[in-house]
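Asks: just to be clear, the model below is a prediction. Sequence and coordinates:
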Amino acid sequence: MTEWEDVPSALSAEELRKVHSTRAQSAYDRAVTTCRHAGFDRDAAEIVPRSPVGRAAGALHLSADSIAALTERTADPAADARCARNAAAAAALAAQVAQSRDDSGEALTALRAALAASRAAAVAAGGTAAGRDVSLNRAADDAEAHAVATAREAGWTR
């Protein structure tokens, strides 16, 4: 995650791309390992999802495509933030499946953290923030870091 000490109140589009890309990749990696822990991968995606696994695998597949597109276009803080938001949403879907298969307290904590990271990424990407608000990005990065830590504690990631 990005170190936010001494960060100026306004960042360039390229600097914001790094922030959003780092968060997106972290959420995507968390989603991949959580899916693997739950016993599926993105190949389980369904064109019309009929199950939580199909929905999570589909979101994972779309997130991978979105992250790949980050390097193929001009930096756009709003679009880059939406990519990070989508990766966090995929990780939240994966966490829901993983928690449904493990009712431990650690799994519930990891699910709650994944949902909070998804919400924080959505707030950073949405409204008038459009991926540019430093304090919202900081909050989203902090929520992502917490989601990574709790997923590790739940045994979903390493």
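Replies: Yep, that arrived.
Asks: quick one: what helix or strand has the residue sitting nearest the centre point of the chain in it?
Replies: Central residue of the chain (C-alpha atoms, centre = their mean): Ala88, 2.1 Å from the mean position. Assigning secondary structure by DSSP states H and E places Ala88 in helix 77-100.
Asks: ok, now Asp103?
Replies: With DSSP H and E as the criterion, Asp103 is inside neither a helix nor a strand.
Asks: now the lowest-mean-pLDDT helix or strand in the chain: buried residues?
Replies: Lowest by mean pLDDT, DSSP states H and E among the helices and strands of the chain is helix 52-70, with a mean of 85. For helix 52-70, burial by neighbour count (16 or more other C-beta atoms under 10 Å) applies to 53-64, 66-67, 70. For glycine as for every other residue, the C-beta is placed from the backbone atoms N, C-alpha and C.
Asks: what separates Ser63 from Cys83, distance-wise?
Replies: 8 Å (C-beta to C-beta, to the nearest Å).
Asks: Arg138: neighbouring residues, count only.
Replies: Per other C-beta atoms under 10 Å, the neighbour tally for Arg138 reads 17.
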